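Undergrad: task: produce atomic coordinates for the following.
(2 chains)
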Amino acid sequence: GAVVSQHPSWVICKSGTSVKIECRSLDFQATTMFWYRQFPKQSLMLMATSNEGSKATYEQGVEKDKFLINHASLTLSTLTVTSAHPEDSSFYICSARDSGLQETQYFGPGTRLLVL
Amino acid sequence: LAKTTQPISMDSYEGQEVNITCSHNNIATNDYITWYQQFPSQGPRFIIQGYKTKVTNEVASLFIPADRKSSTLSLPRVSLSDTAVYYCLVGVANTDKLIFGTGTRLQVFP
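TA: Sure, this is the predicted structure:
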């Protein structure tokens, strides 16, 4: 299947700093990518839809100024957690839809964020 | 949005066949049904996808009845490495959003 990568795989930062997470589709182009957050023992929660060349669409309750999303190319979307706080510590996962395979989304390996 | 309902957990033993059923009563005409597997601290892994009837690949089978209000993931002869959380998702037509439910935590015992 299609491969999606994320970088970094884990990050530790101080409270108040910003952290950027990259999501790449390695062997296919993705006009749309998605960002999820997952807390321990819980399911994935959709945060936003990242659209190449346009603004991201955020789910209800997700602060767009807090979680900045940029989808500058057909293979790269970035999520920046601005002014991170300990409550932002979570597992962040991206997915990308392979345009060649109808409705199939492939997920990245996830990024573990720990804010001290 | 179609909501899915799955058993919270299931137990099985190595070598057995496991069937996980998912209910999606409000599925729309254009929605696909997709199953993912997730191990701890990893992203979900695509298992199988279908629209109707039966789909089979090298790891699983997916059975979808005519009314499409439910689906069953069948894992033949599970092993310890199949211990994971399995999610049933229904694709939201024209928006591509996947809304995750609680998933089914499968525990395989030796």
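Undergrad: from here on, just use CA atoms for contacts and neighbour counts.
TA: Will do.
Undergrad: for chain B, what's the nearest residue on chain A?
TA: A:P109 (4.4 Å; CA to the nearest CA).
Undergrad: who's in contact with that residue?
TA: By CA atoms under 8 Å, 6 or more residues apart in numbering or on different chains, the contact list for A:P109 reads A:V4, A:S5, A:Q6, A:S9, A:I93, B:Q42, B:G43, B:P44.
Undergrad: most neighbours among those, which one?
TA: A:I93 (28 neighbours; other CA atoms under 10 Å in any protein chain shown).
Undergrad: element containing that one?
TA: Using DSSP states H and E, A:I93 falls within strand A:90-97.
Undergrad: same check on B:T72?
TA: Counting by DSSP H and E, B:T72 is part of strand B:70-75.
Undergrad: circling back: widest-spaced pair of the contacts of A:P109?
TA: A:S9 and B:P44 (14.8 Å; CA to CA).
Undergrad: mind jotting down where the strands sit in chain B?
TA: When assigned using DSSP state E, the strands of chain B occupy the ranges B:9-13, B:18-23, B:33-38, B:45-50, B:53-56, B:61-64, B:70-75, B:84-90, B:104-109.
Undergrad: what's the most buried one of those?
TA: Scoring those by mean neighbour count under mean count of other CA atoms under 10 Å in any protein chain shown gives strand B:84-90 as the most buried, with a mean of 25.
Undergrad: does chain A sit close to that one?
TA: No: contact of strand B:84-90 with chain A is not found when judged by CA under 8 Å from any CA of the partner chain; the minimum separation is 9.0 Å.
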